[in-house]
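J.: one predicted model, sequence on top.
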Amino acid sequence: MHATSCLCRTCVHHTSHTRFRARNLTTLTVLGRSLYRPANFPRTYETQLHIASRLCGPQGALGLQSALLAHGFDDVRRGRVHVVTVRGARQTAHPFAVHESVDLVPRDITMVNGLVATTPERSLIDVARRVTGEALGDLVDDGIRKGLVSIESLTARFLELGRRGRPGTVAMRSCLEHRSDEIGPDSTFFEKAFDRIVGRYGFPTPVKQYRVVADERTFYLDRAWPEHGTWVECDSVLAHATARQLDADLRRQNAVLNATGLIPLRFSYRQVMDDPMSVANTLAARLPQAA
């Protein structure tokens, strides 16, 4: 018989046998492949978090409310333990709530107090679909007060993850809009990054929030070079969180084009943040550059 080894504070043991009596005659209960718990060990919520953290596999982590509790957020309901894992990577059946994700990446997972959990930013974004708007706002404020997240870090990850149809996108968008002037028509997080590209590559300074009247309506374009017949739209999921918003945006673009002849160039968050050279190359086809 192989010796057992204790796992953190859970007193969960690891062995090659499925069930046996240890030297102290304590019966071990099977939890999962090679994971066991003494049958008489207290089933505290903390114990359940540690067990779930060990069972979620290399591509999973505690998620949603369970991750928020692990990070130390207040006023989080202690219900069923939640685990998030990459779709198709579930390793074993267990009593925890498992949420398979198509966009869980390594940088969304961290270690906190001996537990594998999704980052505070990812946890808040995921939990947005399960709580009221008021409760979500309280959680975000709690995380900011404790230094667990910042509006900037939460906004940046939300811009990458949010998409039409993703549960919680509209709720988180509203929450961020009420807490930061970085989320708005004049100055979004990555419009500023776009402006830095314009300056770095020597393009003319654009007109910000350029006013256009089309179809008896007034529109404001993110960045425009009317003398060069071009304007730019920085596309974030905050602006296109619903099908209705996307439809309105496309109608606006067509109205501006028909009324002014200005050619729109559109850039995504990922393109501006991760591939500024491609942005510069696209602008260079329409704009002059300083020598």
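T.: Looks like it came in fine. All values derive from a computational prediction rather than experimental measurement.
J.: okay, CA-based contacts and neighbour counts for the rest of this
T.: Noted.
J.: might you list the low-confidence residue ranges for the protein?
T.: Along the chain, segments meeting pLDDT under 70 span 1-43, 89-94, 163-165, 180-190, 235-246, 291.
J.: switch the cut-off to 50
T.: In the predicted model of the chain, residues 1-26, 28-36, 41, 181-187, 237-238, 240-241 satisfy pLDDT under 50.
J.: per-domain residue ranges of it.
T.: 1-41, 43-177, 189-284 (automatic domain parsing).
J.: so for A290, which of the ones you listed sits nearest?
T.: For those, the distance to A290 is smallest for domain 189-284, at 4.8 Å, taking CA to CA.
J.: show me how far the closest one is from its chain's centre.
T.: Here the centre of domain 189-284 is set off from its chain's centre by 24 Å, with CA atoms, centre = their mean, to the nearest Å.
J.: going by neighbour count, which residues of the strand or helix carrying D142 are buried?
T.: Taking DSSP states H and E as the definition, D142 sits inside helix 133-145. Neighbour-count burial for helix 133-145 flags G133, L136, G137, D138, L139, V140, D141, D142, G143 (criterion: 16 or more other CA atoms under 10 Å).
J.: quick revisit: so of the domains of the chain, which one's packed in deepest?
T.: domain 43-177 (a mean of 18; mean count of other CA atoms under 10 Å).
J.: need the CA coordinates for stretch 108-121. CSV is fine.
T.: Provided in CSV are the C-alpha atoms of stretch 108-121 (Å, rounded to 0.1, in the frame of the first residue of the first chain):
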residue,chain,number,x,y,z
ASP,A,108,-7.4,34.5,-16.5
ILE,A,109,-6.2,32.0,-13.8
THR,A,110,-4.2,32.7,-10.7
MET,A,111,-3.3,31.2,-7.3
VAL,A,112,-4.7,32.8,-4.2
ASN,A,113,-4.4,31.5,-0.7
GLY,A,114,-3.5,28.1,-2.0
LEU,A,115,-6.5,27.9,-4.3
VAL,A,116,-6.5,28.0,-8.1
ALA,A,117,-9.1,30.6,-9.1
THR,A,118,-10.0,32.9,-12.0
THR,A,119,-8.6,36.4,-11.6
PRO,A,120,-10.8,39.1,-9.9
GLU,A,121,-11.4,40.7,-13.3
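J.: check the offset of that stretch from the chain's centre.
T.: The chain centre lies 14 Å from the centre of stretch 108-121; the measure is CA atoms, centre = their mean.
J.: for the remainder of this discussion, apply numbering that starts at 471.
T.: Yes, from this point I'll number from 471; that puts the last item at stretch 578-591.
J.: ok so, going back, adding distance to A760, write the domains of the chain out as JSON lines.
T.: Listed next are the domains of the chain as JSON lines, based on distance: least, CA to CA, whole Å:
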{"stretch": "domain 471-511", "distance to A760": "61"}
{"stretch": "domain 513-647", "distance to A760": "31"}
{"stretch": "domain 659-754", "distance to A760": "5"}
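J.: thinking again about what came up before, next SSE after the helix holding D612?
T.: Counting by DSSP H and E, the next helix or strand C-terminal to helix 603-615 is helix 621-631.
J.: next structured bit after that following helix?
T.: Defined by DSSP H and E, the subsequent element after helix 621-631 is helix 639-647.
J.: ok, now how distant is the closest residue to L606 other than its chain neighbours from A718?
T.: Excluding the flanking residues, the one nearest L606 by CA to CA, 6 or more residues apart in numbering is A598, at 6.2 Å. The spacing between A598 and A718, counted by CA to CA, to the nearest Å, is 25 Å.
J.: then R636?
T.: In this view, R636 and A718 are 19 Å apart by CA to CA.
J.: sorry, back to before: would you check that the residue nearest to L606 makes contact with S644?
T.: No. Here A598 does not reach S644: they are 10.7 Å apart, not a contact under CA atoms under 8 Å.
J.: next SSE downstream of the lengthiest helix in the chain?
T.: Ranked by number of residues, the top helix in the chain under DSSP state H is helix 713-730. Sequence order places strand 733-738 as the next helix or strand after helix 713-730, per DSSP H and E.
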